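Novice: Structure for the following, please:
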Amino acid sequence: QVQLVESGGGVVQAGDQLKLSCQAEFLTLAFSPVAWFRQVPGSQRELVAAVGSRDTNTAYSDSVKGRATISKEHLKNTVVLSVNNLNTEDTAVYYCAASRTYDANVVTNQSFYDYWGQGTQVVVSS
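Specialist: Numbering: from 1, shown residues only. You can find the predicted model right below:
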């Protein structure tokens, strides 16, 4: 059974850097579109960043553009999301999602993703 396990959340200071990892079991992330979403209580889940099956295809939400990087670490079967210069609006539960369908391009539609992690809480303290 495919599992996605997120790590790296916690309490961080505003202005610091955040690094979240998503490791997969029984799914090769090198061939999969992968995305990070986040959700604040009372709000809809929103896309943060996504990478296609082809590593060079990436996309970012306006809220993190210029501050974030999504990348695949093939040897570890992991996708990493790094966000710099954190602010309190980055506080949310962050979810990793992956698809079993190859697509070289970035996919931003949540319904495309077959597998989801359990989520990791990030709190940015001012």
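Novice: Taking the centroid of this protein, which residue is nearest it?
Specialist: Taking CA atoms, centre = their mean, the centroid of the chain lies closest to W36, which sits 2.3 Å from it.
Novice: What is the burial count for V5?
Specialist: Using other CB atoms under 10 Å, V5 is surrounded by 14 other residues. Just so you know, the C-beta spots here come from the backbone N, C-alpha and C atoms, and that holds for glycine as well.
Novice: secondary structure class for it?
Specialist: Secondary structure, DSSP: H, G, I helix; E, B strand; the rest coil: V5 is strand.
Novice: Next one: it from R100, what distance?
Specialist: 17 Å (CB to CB, to the nearest Å).
Novice: what's the answer for Q121, then?
Specialist: Taking CB to CB, one finds Q121 at 27 Å from R100.
Novice: now the strands for the chain?
Specialist: Taking DSSP state E to define them, one finds strands in the chain at 3-7, 10-13, 18-25, 34-39, 46-51, 58-60, 68-73, 78-83, 92-98, 115-116, 120-125.
Novice: Of all the residues in the first one, which ones are buried?
Specialist: What it means is strand 3-7. Buried residues in strand 3-7, counted by 16 or more other CB atoms under 10 Å: 4, 6.
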